[in-house]
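Trainee: Just the structure for this:
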Amino acid sequence: GTGKELVARCLHDQSPRRDRHFVAINCGGLPEALFESELFGHESGAFTSAGKRRIGKIEHANGGTLLLDEIETMPVPLQIKLLRVLQERRVERLGSNEEQVINVRFIAASKADLKEMGERGQFRSDLYYRLNIATLVLPPLRERREDIPLLFEHFVAQACKRYEREAPELTPDKLRELMAHDWPGNVREIRNAADRFVLALDDLDSTAAIQAVPNLALARQMEMVEKALIEQALRRSGGKVPAAMELLGTPRKTLYDKLHRHGIQLDDFR
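Mentor: Model prediction:
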């Protein structure tokens, strides 16, 4: 949430690898059963649901950069396998006997102290030292308030392009409001705030605000309003799913599906 992916992408864009893929994988968002296949890929028939061959994230990033976000959540058996990939620069898909040579820049991001986790036996120390060539600490947004206007303007520009709208005026009052806010959700929260600012959806109780999205297809307008309504329910419930379900009248599975589709992170509202 502090902007790790933005920084990783910037490092990629400023490197000789800029013309190759930048791939980001959130280790904390993957079910353990799918983790190995997602990272290393698989051949057809490697397991019951493996209908066709799939290239893993590591191979997909070949020649480019792979960001492993929340690496502290990676299961220990996969930490061992990742360490081997880092040492040998080769990857083997599930169900295959052939190794693929890779040239990937790995960037690992973590919310936890990996060295401490290693001392407690919760993270492999050999993998930590293999990854820890250079370390960059990103403090929370409230501790680097000078970044707030730049990030907000960056995300407003992205939102304007995405929603095909002109940028609203960033008034001194709005800027003071941004600077005064603590941003517990960090960069994800400021990205969502920029979307609401562009769409005039800060006040969802206002019918006029919901209707203020001209010149867009109905389906796209509905998606934007749905996302904003879910975010409003999460703000009111403090990120508590059962309370948000009640506010929205939505079953748990449906809500989680919509959170995934809209890229909404529960941590931004807690």
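Trainee: got the CA positions of the longest helix seen in the chain in PDB?
Mentor: Longest helix in the chain, counting residues (DSSP state H): helix 218-237. Taking Å, rounded to 0.1, in the frame of the first residue of the first chain, the C-alpha atoms of helix 218-237 are listed here in PDB:
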ATOM      1  CA  LEU A 218     -24.100   2.200 -19.600                       C
ATOM      2  CA  ALA A 219     -22.200  -1.000 -18.600                       C
ATOM      3  CA  ARG A 220     -19.100   1.000 -17.900                       C
ATOM      4  CA  GLN A 221     -21.000   3.600 -15.800                       C
ATOM      5  CA  MET A 222     -22.600   0.800 -13.800                       C
ATOM      6  CA  GLU A 223     -19.200  -0.700 -13.100                       C
ATOM      7  CA  MET A 224     -17.800   2.600 -11.800                       C
ATOM      8  CA  VAL A 225     -20.900   3.200  -9.600                       C
ATOM      9  CA  GLU A 226     -20.700  -0.400  -8.300                       C
ATOM     10  CA  LYS A 227     -17.100   0.000  -7.300                       C
ATOM     11  CA  ALA A 228     -17.800   3.300  -5.600                       C
ATOM     12  CA  LEU A 229     -20.700   1.900  -3.700                       C
ATOM     13  CA  ILE A 230     -18.600  -1.000  -2.500                       C
ATOM     14  CA  GLU A 231     -15.900   1.300  -1.300                       C
ATOM     15  CA  GLN A 232     -18.400   3.500   0.500                       C
ATOM     16  CA  ALA A 233     -19.800   0.400   2.300                       C
ATOM     17  CA  LEU A 234     -16.200  -0.700   3.300                       C
ATOM     18  CA  ARG A 235     -15.500   2.800   4.600                       C
ATOM     19  CA  ARG A 236     -18.600   2.800   6.700                       C
ATOM     20  CA  SER A 237     -17.900  -0.700   8.000                       C
END
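Trainee: Measure how far it is from the centre of its chain, please.
Mentor: 19 Å (C-alpha atoms, centre = their mean, to the nearest Å).
Trainee: so where's this structure uncertain?
Mentor: Counting by pLDDT under 70, the chain has low-confidence residues at 1-2, 201-222.
Trainee: now with 50?
Mentor: 203-214 (pLDDT under 50).
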